[in-house]
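Asker: Sequence and predicted structure are below.
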Amino acid sequence: YMGAPEGQGELPLETMRRILDALCEAGAMQISLTGGEPLMRADLMELTDSILARGMAITDIFTNATLIDQAFLAELEARALRPRFHVSFDGVGRHDAMRGVPGAESAARRGITALISAGHRVILTTSVDENTLPALEKTYAFAKAAGVHAWGIGRPVAAGCARSMGR
């Protein structure tokens, strides 16, 4: 809901289940979890179980990786889930400034490392502009050393903290 109107939150679990039923009836077999930040849902594992109960696979999770911890990884392991993790990471030494949150980079790096250590495939996505361009070499070196599977580069999106960048 990065671009959602003020006060709009997550859809309730029962609404999500109705949507899943409709997707299932339409023949959907795979689901990607995105957001905002899907790991912020207090009922994420209930939602996950609802998806799996309908015979659908969770193939991708889009995250900033800051909320990845051993408890979350254990929940995935208990469900034998192996989605690809697409991690939004704005660059070594630049991530905090792009996110407007001190410590966001170290939290994201911890999450990325934990995912890879647990055997998950991680795909980084980095927005490139004048703020992140100087960090590309260091970001590549981090990604390579960490064992990141792939690295995608795109343009920044005017959402969240980035709405004010360049003003």
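Answerer: Nice, thanks for sending it over.
Asker: would residue 86 count as being in a strand?
Answerer: Yes. Assignment of residue 86 by DSSP: H, G, I helix; E, B strand; the rest coil places it within a strand.
Asker: Mind listing what's buried along stretch 46-53?
Answerer: By neighbour count on 16 or more other C-beta atoms under 10 Å, the buried set for stretch 46-53 is 47-48, 50-51. In short, each C-beta sits where N, CA and C put it, glycine included.
Asker: Look up phi and psi at the residue nearest the centre of the chain.
Answerer: Centroid-nearest residue in the chain: residue 63, 1.0 Å away (criterion: C-alpha atoms, centre = their mean). Dihedral angles of residue 63 (phi, psi; degrees, to the nearest 10) stand at phi -150, psi 170.
Asker: Please tell me how far it sits from residue 9.
Answerer: Noted for residue 63: a distance of 18 Å to residue 9, by C-beta to C-beta, to the nearest Å.
Asker: what's the neighbour count on residue 123?
Answerer: 16 (other C-beta atoms under 10 Å).
Asker: secondary structure class for it?
Answerer: Residue 123 ends up strand, using three-state DSSP.
Asker: my guess is it meets residue 83, correct?
Answerer: No. Checked against C-beta atoms under 8 Å, the pair residue 123 and residue 83 is beyond contact range at 10.8 Å.
Asker: Let me see the backbone angles for residue 33.
Answerer: phi -100, psi 130.
Asker: For the chain, just list every one of the helices.
Answerer: Along the chain, the segments classed as helices by DSSP state H run 13-25, 44-53, 70-78, 95-99, 104-117, 136-146.
Asker: Just say which of those helices is most tucked in.
Answerer: Stretch with highest mean neighbour count among the helices of the chain: helix 95-99 (a mean of 21; mean count of other C-beta atoms under 10 Å).
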